[in-house]
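Q: This is a predicted model, with the sequence first.
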Amino acid sequence: MTGPAAAPAGAPLALLDLDGTLTDSYPGIAASARVAFAALGLPVPDDQALRRFVGPPLPSSFALFGVPPERVPEAVEAYRGYFREQGMWQNSVYDGVPEQLAALRDAGVRLAVATSKPEVFARPICERYGLTEHLAGGVDGVFGAPLDDVPSTKADVIAAALAALAPTGPVVMVGDRSHDAVGAAAHGLPCLGVAWGYAEPGELEDAGAVGVVPRVDGLAEAVLDALARATGALPEVSGPASPAAGPTTGT
């Protein structure tokens, strides 16, 4: 599947997280985690606690909830068994996201997905939910973690995206969790946070995000502003203004 016409390497580039930024994936992730805890005979965390599974690498999330290190692979296998069949489709794109992506693309910004979710899941999700059409290179604009046991962080995923896209213009990472900001910082990139995802209060600011976008309808403007601050003036997005607020093998 092909994406938008290729923009030059000097065009601004926005790397977009998937879970909690473009899609509300909590229902499927939580259901998959419940299956995994039950399969291991361990107490199932409550709904609020399970929100912490969205975004970070999956083995880290199981370890955070007390799964013994030697049983983490078993938990991951049980999780993915359900996720592959059902959980990945218990998902939806946030209202207004496609319009914001189209506005950025029309303003000359290259778009790519950089997610801690395994790439083998992220690509079909982006295709089914109509996100691929907005990305530079189509499905080749989706970068994720490996499915095997090779350790992967958000910084690793961002490194793969940068190597493949070879941008020479400004780059910004957009995400909803602290690991997005930490991964971006590892490459000297700014991270713009979004408030509609799964971060705890203050999490993004504490991790060094350059700003937090309060509503989906302000995403395109905030991304352009972050890119402009890195390099100078960029095209304006038509439509109502909405200012940004102030200061991995994954799921």
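A: Received the coordinates, thanks.
Q: Low-confidence regions, the stretch 151-251 of the chain specifically.
A: 151, 232-251 (pLDDT under 70).
Q: just the strands in it please.
A: Using DSSP state E, counting those that start in this stretch, the strands found in the stretch 151-251 of the chain span residues 171-175, 191-194, 211-213.
Q: Let me know which of the ones you listed is tucked in deepest.
A: strand 191-194 (a mean of 29; mean count of other CB atoms under 10 Å). (C-beta placed from N, C-alpha, C; glycine too.)
Q: what's next to that strand, contact-wise?
A: For strand 191-194, the surrounding residues in contact (CB atoms under 8 Å, 6 or more residues apart in numbering) are 20-21, 172-176, 180-181, 183-185, 199, 204-205, 207-213, 216, 219, 222-223, 226, 244.
Q: Which among those residues count as buried?
A: Buried subset of these (neighbour count, 16 or more other CB atoms under 10 Å): 20-21, 172-176, 180-181, 183-185, 199, 204-205, 207, 209-213, 216, 219, 222-223, 226, 244.
Q: Okay, and which of those residues map to helices?
A: Of the buried ones among the contacts of strand 191-194, the ones assigned to helices by DSSP state H are 180-181, 183-185, 204-205, 219, 222-223, 226.
Q: ok, K154 to D180 distance?
A: Per CB to CB, to the nearest Å, K154 is found 6 Å from D180.
Q: likewise G141?
A: In terms of CB to CB, G141 sits 17 Å off from D180.
Q: swap in L13?
A: For L13, the distance to D180 - CB to CB - is 15 Å.
Q: now do V213
A: 13 Å.
Q: ditto for D156
A: From D156 over to D180 (counting by CB to CB), the distance is 13 Å.
Q: Please identify every residue contacting each of those two.
A: With CB under 8 Å, 6+ apart, D156 and D180 have no common neighbours.
Q: How many residues are close by the residue nearest to P69 when sequence neighbours are not counted?
A: Excluding its sequence neighbours, the residue lying closest to P69 (CB to CB, 6 or more residues apart in numbering) is A63, at 6.8 Å. Neighbourhood size, A63 [other CB atoms under 10 Å]: 14.
Q: Is A63 in contact with E70, as I believe?
A: No: the pair A63 / E70 is not scored as a contact, 11.2 Å apart, by CB atoms under 8 Å.
Q: any idea which helix or strand comes after the longest strand anywhere in the chain?
A: Using DSSP state E to define each element, the chain has its longest strand at strand 110-118. Per DSSP states H and E, the first helix or strand lying C-terminal to strand 110-118 is helix 119-128.
Q: So which bits of that next one are buried?
A: 119, 121-123, 125-126.
Q: now those as JSON lines including distance to L147 and pLDDT?
A: Converted to JSON lines, the buried residues of helix 119-128 look like this (distance: CB to CB, whole Å; pLDDT from 0 to 100):
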{"residue": "E119", "distance to L147": "8", "pLDDT": "94"}
{"residue": "F121", "distance to L147": "8", "pLDDT": "93"}
{"residue": "A122", "distance to L147": "11", "pLDDT": "95"}
{"residue": "R123", "distance to L147": "12", "pLDDT": "97"}
{"residue": "I125", "distance to L147": "14", "pLDDT": "96"}
{"residue": "C126", "distance to L147": "16", "pLDDT": "97"}
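Q: For A102, state which of those is nearest.
A: Of all the buried residues of helix 119-128, C126 has the smallest distance to A102: 14.9 Å, by CB to CB.
Q: got CSV for the buried residues of helix 119-128, with distance to L162 too?
A: CSV is the format used below for those (distance: CB to CB, whole Å):
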residue, distance to L162
E119, 15
F121, 22
A122, 17
R123, 19
I125, 22
C126, 19
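Q: Looking at those residues, spot the one nearest L101.
A: Closest to L101 out of the buried residues of helix 119-128 is C126 (11.0 Å), distances taken as CB to CB.
Q: What separation do you get for that closest one and N91?
A: Noted for C126: a distance of 11 Å to N91, by CB to CB.
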